[in-house]
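Chemist: next input, structure requested:
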Amino acid sequence: MPGATVLHLTPQGITERAFRQTDHFIVIREFYRDPDAFMAMLFDG
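Modeler: As a prediction, the model looks like this:
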């Protein structure tokens, strides 16, 4: 949702985080950059 605030929970508390810094965004971005290499990394180690 445009303009939404993304909150990140840590042992130190709650912090605001840009959506491009979330784990989900980073994983999906890496998959889209090179799906074959991404899948090889997952299954071949």
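
Chemist: where along this structure do the strands fall?
Modeler: Applying DSSP state E to the chain gives strands spanning 6-10, 13-17.

Chemist: not counting the first one itself, show me its contacts.
Modeler: If I follow you right, that is strand 6-10. Strand 6-10 is contacted by residues 14-19, 22 when judged by C-beta atoms under 8 Å, 6 or more residues apart in numbering. To be clear about C-beta, it is placed using only N, CA and C from the backbone, and glycine gets the same treatment.

Chemist: and what of stretch 21-29?
Modeler: Residues contacting stretch 21-29 (C-beta under 8 Å, 6+ apart): 6, 8, 19-20.

Chemist: if you set the cut-off to 6 Å instead, what comes out?
Modeler: Applying C-beta atoms under 6 Å, 6 or more residues apart in numbering, the external contacts of stretch 21-29 come out as residue 19.

Chemist: tell me the mean pLDDT over that stretch?
Modeler: The average pLDDT for stretch 21-29 rounds to 94.

Chemist: returning to what we had before: let's have the strands of the chain in JSON lines, adding mean neighbour count and distance to residue 45.
Modeler: Shown next, in JSON lines, are those (neighbours: other C-beta atoms under 10 Å; distance: least, C-beta to C-beta, whole Å):
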{"stretch": "strand 6-10", "mean neighbour count": "10", "distance to residue 45": "28"}
{"stretch": "strand 13-17", "mean neighbour count": "10", "distance to residue 45": "29"}
